[in-house]
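Engineer: Pasted the sequence and its predicted model underneath.
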Amino acid sequence: MSKTLRDVIESYPNIGDIEDSIPLSINTISSKILRKIIEYCKKHKDEEESHMMEDWDSKFIDLDLETLMSLILASSYLKI
């Protein structure tokens with residue numbers, strides 16, 4: 001779901017599997033926020049199921065303002 005990550009992966013065609021290291025400078029995204037983004041992407045990986053996610057999405061974004069803003073900024077950076 002991330003154009004930024006897709007571009008990085010495509011620029012390193014010899015990466016074997018997802019466990020391999022991918023060079024990416026995201027020191028402005030905390031591990032907590034990155035975990036939330038991964039959780040969201042895993043849940044929404046299938047476009048056809050996304051219409052059934054309204055309740056889950058509502059609960060997912062029920063966060064304090066600082067965390068919500070960090071998610072928005074990180075998602076923008078990652079082009080999700």
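Structural biologist: Structure's in. What do you need?
Engineer: helices or strands up against the host helix or strand of L34?
Structural biologist: Using DSSP states H and E, L34 maps to helix 31-43. With contacts defined as 3 or more CB pairs under 8 Å, 6 or more residues apart in numbering; DSSP states H and E, helix 31-43 has these neighbours: helix 54-60, helix 65-78. C-beta coordinates here come from the backbone N, C-alpha and C atoms, glycine included.
Engineer: Mind listing residues that contact it?
Structural biologist: 1-2, 26, 29, 53, 56, 60, 67, 70-71, 74-75, 78, 80 (CB atoms under 8 Å, 6 or more residues apart in numbering).
Engineer: Lowest mean pLDDT across the helices and strands packed on helix 31-43, which one is that?
Structural biologist: Among these, helix 54-60 carries the lowest mean pLDDT, a mean of 86.
Engineer: just the CA coordinates of that one, formatted as PDB?
Structural biologist: The C-alpha trace of helix 54-60 is given here as PDB (Å, rounded to 0.1, in the frame of the first residue of the first chain):
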ATOM      1  CA  GLU A  54     -16.000   1.100   9.000                       C
ATOM      2  CA  ASP A  55     -16.300  -0.100  12.600                       C
ATOM      3  CA  TRP A  56     -12.700  -1.200  12.700                       C
ATOM      4  CA  ASP A  57     -11.500   2.100  11.200                       C
ATOM      5  CA  SER A  58     -13.600   4.100  13.700                       C
ATOM      6  CA  LYS A  59     -11.900   2.300  16.600                       C
ATOM      7  CA  PHE A  60      -8.500   2.400  14.900                       C
END
